[in-house]
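Q: 3D model of this:
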Amino acid sequence: MSGDGEESSVGTQRYAYGRQAQHPSDFNAAAGELEIFDPELVLGYFRRLEVLLDACPIDIYAASSLKHPWPYRLQNAAECYPASFWRSQSRILDSAISSPKLSNRDVLEHAAERHATAVVVKDYLPFDAYEDSELEHVPDAGNNVQATTESIREFADLYDAEKHPPAYIPLHPPYDEHVRTVSEIVEHSGLEHRYMLGGLKDAEPARRIDELLAFREEVGPEPVAHGLGWGLSDELVATLRDEPGLLDSVDNSGPSQAIQNGRVLDKHWQSVPCAQVSGKYQNSIGGVFEFAMLLSGAHRLTNFNDDFDETSQQTGLADFGGVAADD
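A: Reported below is the predicted structural model:
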């Protein structure tokens, strides 16, 4: 392993981004004691990855069940797999929007049982996305935004900060309008202003950015915001590089979906063919591919990446266009 050339000290050389191994004894191990992937010998490598993740302005959650040690994981309450969920230090339990039979009470119970570090309030798809038999489990409201608002009200009554992990409040677009509706509920509850920005699964990046800007103009910089299934398009990455405070985290199912279809995501977050192995332990191999894609996504958001140097410039919210430009 090579060091990155700074801040060496007497004895074992230590560097800002890891430590340089001159000899096996530097890791207090004799040559005969070393094994394949000896954990002491890979410390320097993993330290570099930690430095990269520390430099990334947002947390990128793997929305998958593939097995790898990525520190951020999001799974839904209907399909949560402990073998992968518990491998991550930060674990968001989503509310399984496509499973209306799962109630807020169910979601909170699952969050406590599965040791989630955060949980999402039950929210709802547009009503025409459900079968008629499923609609009986949806709050009696005019549309999915109103149904989600009623669900937030119910969740606030059930929530106990001593028993349950911190909660995300789901919002549907337009976010600035929905957050105005639910902020009073949050203010008079034990919940915090931590929001999950959903409902834009198939939207163009420009729409997501406009909605995010409108949200920030309404709530300011303080509330925590997570982009649900937002991907990491060039447009979004460029925006977050210039204004990293706009968003705190995102989740991505794109890498795992690409792997399942014999593809990978390139650095532009575009799907390209890449045949995957099949057979025993294929999920472990696929997990390495997903880990690498997530790491690549994190790298693009840091100052270690120079792909955006020619186009990046410091801007204010009004310079992004969208809602600010229409004022």
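
Q: any low-confidence regions in the protein?
A: 1-34, 311-327 (pLDDT under 70).

Q: and if we set it to 80?
A: 1-41, 43-44, 310-327 (pLDDT under 80).

Q: can you pull out the strands in it?
A: 14-15, 18-19, 59-62, 72-76, 90-94, 118-120, 167-171, 194-197, 224-227, 249-252, 263-265, 271-273 (DSSP state E).

Q: tell me the most buried of those?
A: Highest mean neighbour count of the strands of the chain: strand 167-171, a mean of 27 (counted as mean count of other C-beta atoms under 10 Å). Quick note: C-beta positions are derived from backbone N, CA and C, even for glycine.

Q: please save the CA atoms from stretch 203-216 in CSV.
A: This file holds the C-alpha atoms of stretch 203-216, laid out as CSV (Å, rounded to 0.1, in the frame of the first residue of the first chain):
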residue,chain,number,x,y,z
ALA,A,203,-39.0,12.5,-12.8
GLU,A,204,-36.3,14.3,-14.7
PRO,A,205,-33.3,15.6,-12.6
ALA,A,206,-34.3,19.2,-13.3
ARG,A,207,-37.7,18.5,-11.7
ARG,A,208,-36.1,17.0,-8.6
ILE,A,209,-33.8,20.0,-8.3
ASP,A,210,-36.6,22.5,-8.7
GLU,A,211,-38.7,20.7,-6.1
LEU,A,212,-35.7,20.6,-3.7
LEU,A,213,-35.0,24.3,-4.2
ALA,A,214,-38.7,25.1,-3.5
PHE,A,215,-38.5,23.0,-0.3
ARG,A,216,-35.4,24.8,0.9
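
Q: so what's the gap between it and the chain middle?
A: Stretch 203-216 has its C-alpha centroid displaced from the chain centroid by 17 Å (C-alpha atoms, centre = their mean, to the nearest Å).

Q: Gly287 is nearest to which of the strands of the chain?
A: strand 59-62 (9.1 Å; C-beta to C-beta).

Q: residues near the closest residue to Ala156 other than its chain neighbours, how many?
A: Distances taken as C-beta to C-beta, 6 or more residues apart in numbering put Ser189 closest to Ala156, at 3.7 Å, once the chain neighbours are dropped. By other C-beta atoms under 10 Å, 17 other residues sit near Ser189.

Q: do the same with Glu136
A: The burial count for Glu136: 10, using other C-beta under 10 Å.

Q: distance of it relative to Phe127?
A: Distance of Glu136 to Phe127, given as C-beta to C-beta, to the nearest Å: 12 Å.

Q: re earlier: quick check: the residue nearest to Ala156 vs Phe155, distance?
A: Distance of Ser189 to Phe155, given as C-beta to C-beta: 9 Å.

Q: same check, this time on Asn104
A: Taking C-beta to C-beta as the measure, Asn104 falls 5 Å from Phe155.

Q: name the residues contacting each of the two.
A: Listed as contacting both Asn104 and Phe155 by C-beta atoms under 8 Å, 6 or more residues apart in numbering are 121-122.

Q: quick one: which of these two has more around it?
A: Taking neighbours as other C-beta under 10 Å, Asn104 and Phe155 compare with Phe155 leading, 27 against 20.

Q: remind me, longest helix of this structure?
A: Ranked by residue count and defined by DSSP state H, the top helix of the chain is helix 282-300.

Q: next one: it to chain centre, how far?
A: With C-alpha atoms, centre = their mean, you get 14 Å for helix 282-300.

Q: tell me the angle of it relative to strand 72-76?
A: 120 degrees (axes from the mean of the first three to the mean of the last three C-alpha atoms, to 10 degrees).

Q: what helices or strands is helix 282-300 leaning on?
A: In this structure, helix 282-300 makes packing contacts with helix 43-55, strand 59-62, helix 254-260, strand 263-265, judged by 3 or more C-beta pairs under 8 Å, 6 or more residues apart in numbering; DSSP states H and E.

Q: 6 Å instead, please
A: Secondary-structure packing of helix 282-300 (3 or more C-beta pairs under 6 Å, 6 or more residues apart in numbering; DSSP states H and E): strand 59-62, helix 254-260.

Q: can you list those in TSV and add distance to Glu222?
A: Shown next, in TSV, are those (distance: least, C-beta to C-beta, whole Å):
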stretch	distance to Glu222
strand 59-62	17
helix 254-260	29
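
Q: of the ones you listed, which is nearest Leu212?
A: Of these, nearest to Leu212 by C-beta to C-beta is strand 59-62, at 15.9 Å.

Q: with only the CA atoms kept, save the closest one in PDB.
A: Provided in PDB are the C-alpha atoms of strand 59-62 (Å, rounded to 0.1, in the frame of the first residue of the first chain):
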ATOM      1  CA  ASP A  59     -24.900  10.000   2.800                       C
ATOM      2  CA  ILE A  60     -25.700   7.600   0.000                       C
ATOM      3  CA  TYR A  61     -27.900   4.700   1.200                       C
ATOM      4  CA  ALA A  62     -27.900   1.300  -0.600                       C
END
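
Q: what's in contact with it?
A: If you take C-beta atoms under 6 Å, 6 or more residues apart in numbering as the criterion, strand 59-62 is touched by 70, 72-74, 249-251, 294, 297-298.

Q: sounds good, over and out.
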